[in-house]
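[1] what's the 3D shape of this:
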Amino acid sequence: MEKLDWSKCPVVESRSDKHHGDLIFKDSRLPVAVVFQCLADNASIDDIMDWYGADPEQIKAVLKFIATSLEQAPVHANSVRP
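    Take a look at the predicted model:
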């Protein structure tokens, strides 16, 4: 799969003066990667909101951005496995 074009996701940004240029949620210092790690560790969006003060609408927007990007990504015959 091709890399996602995060510049098209309106709720994230990458700035050298915040978290060394890592992808973060706008108007925050919360790295997007932290949210994915928490979700991978079975945390809920409510947990992430409590722990980091995250905006649930931003989290949902990122998840929707990824889902939409995956739906639009071309599928190559050699990348599909039975």
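[2] what's next to the longest helix along the chain, contact-wise?
    Assignment by DSSP state H gives helix 56-72 as the longest helix of the chain. With contact meaning CB atoms under 8 Å, 6 or more residues apart in numbering, helix 56-72 is reached by 1, 4-5, 8-12, 25-26, 28, 32, 35, 45-46, 48-49. C-beta coordinates here come from the backbone N, C-alpha and C atoms, glycine included.
[3] average pLDDT for it?
    Here helix 56-72 scores 92 as its mean pLDDT.
[4] Off-centre distance for that helix?
    Relative to its chain's centre, helix 56-72 lies at 7 Å (CA atoms, centre = their mean, to the nearest Å).
[5] How about that helix, which residues are buried there?
    Residues of helix 56-72 classed as buried: Q58, I59, A61, V62, F65, S69 (neighbour count, 16 or more other CB atoms under 10 Å).
[6] I24 - that's part of a strand, no?
    Yes: membership of I24 in a strand is supported by DSSP: H, G, I helix; E, B strand; the rest coil.
[7] what's the neighbour count on it?
    Neighbours of I24 under the rule other CB atoms under 10 Å: 20.
[8] Could you pull up the contacting residues of it?
    V12, E13, S14, R15, K18, L30, P31, V32.
[9] and D5, what pLDDT?
    What the model reports as pLDDT for D5 is 88.
[10] Not counting its neighbours along the chain, what's nearest it?
    Nearest non-adjacent residue to D5, counting by CB to CB, 6 or more residues apart in numbering: S69, 7.8 Å away.
[11] and the gap between that neighbour and I45?
    Distance of S69 to I45, computed by CB to CB, to the nearest Å: 20 Å.
[12] do G21 as well
    Distance, G21 to I45, using CB to CB: 26 Å.
[13] Make a markdown table from the contacts of I24 and add pLDDT and distance to D41 to it.
    Formatted as a markdown table, these follow (pLDDT from 0 to 100; distance: CB to CB, whole Å):
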| residue | pLDDT | distance to D41 |
| --- | --- | --- |
| V12 | 96 | 21 |
| E13 | 94 | 25 |
| S14 | 92 | 24 |
| R15 | 83 | 26 |
| K18 | 80 | 24 |
| L30 | 93 | 16 |
| P31 | 94 | 15 |
| V32 | 95 | 15 |
